[in-house]
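> just a sequence and a predicted model for now, questions to come.
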Amino acid sequence: MNDSSDLPFTPPPQWSNPEGHVGYVLKSLMHALRQATESALREAGFGLSMAHLVTLAAIHTEPGLPGAQIAKRLLVTAQSMNAILKALESAGLARWQPNPNNQRAQSWFITPAGERMLYGSGAACEPVFEQMQVQLDTEERAQLISLLQRCVSGLSQ
């Protein structure tokens, strides 16, 4: 790191009003969504975190993915994903078999119990997603998705 102690410091404008900064609003939304989702899962009797739920959804949607690819899709480290997958395996919700393309990798699959858990927990969380969007009409919901996708694209260039 550069030693910039001799340089004058002027804080960026968003520091004086973080609520007006898109990054802050997105982080706040994700925090609130995670809390509400995990609360709904607990209240419905599901012993899953949001991380477990999205991992089950990923291996349901793309059966046979290696853990590293699941981690990449879900934006977590391979080490974190390994812990999540092992917990799902221990609970009988996921299983693995050797990956035919890479002897060191494991291909992951959802079990019938995992599918039941995914469907039930997804239904328990649906009211949370609806509540999050209740103040948006159909056109605004589509516009929000489009704008967020453009933000992601902007960072991918």
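Great, that's in hand.
> quick one: distance of the helix or strand of the chain with the lowest mean pLDDT to the chain centre.
The least trusted helix or strand in the chain, going by mean pLDDT, DSSP states H and E, turns out to be strand 102-110, with a mean of 90. When distances are taken as C-alpha atoms, centre = their mean, to the nearest Å, strand 102-110 is centred 21 Å away from the chain's centroid.
> and that strand, what does it pack onto?
helix 50-61, strand 65-66, helix 67-74, strand 94-99 (3 or more C-beta pairs under 8 Å, 6 or more residues apart in numbering; DSSP states H and E). C-beta here means a position set from N, CA and C on the backbone, and glycine is covered the same way.
> neighbours of M132, how many?
Other residues near M132 come to 14 when the count uses other C-beta atoms under 10 Å.
> surely it and M30 touch.
No. Between M132 and M30 there is no contact under C-beta atoms under 8 Å: 10.9 Å.
> I figured W96 hits A105, correct?
No. With contact defined as C-beta under 8 Å, W96 does not count as touching A105 (9.3 Å).
> any weak-confidence spans in the chain?
1-7, 9-17 (pLDDT under 70).
> which residues in this protein form helices?
Assigned by DSSP state H, the chain shows helices spanning 22-43, 50-61, 67-74, 78-90, 112-132, 138-156.
> as JSON lines, those with distance to N101 would be great.
Below are those laid out as JSON lines (distance: least, C-beta to C-beta, whole Å):
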{"stretch": "helix 22-43", "distance to N101": "33"}
{"stretch": "helix 50-61", "distance to N101": "17"}
{"stretch": "helix 67-74", "distance to N101": "11"}
{"stretch": "helix 78-90", "distance to N101": "17"}
{"stretch": "helix 112-132", "distance to N101": "23"}
{"stretch": "helix 138-156", "distance to N101": "26"}
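> buried deepest among those, which one?
Neighbour counts (mean count of other C-beta atoms under 10 Å) averaged over each of the helices of the chain peak at helix 50-61, with a mean of 20.
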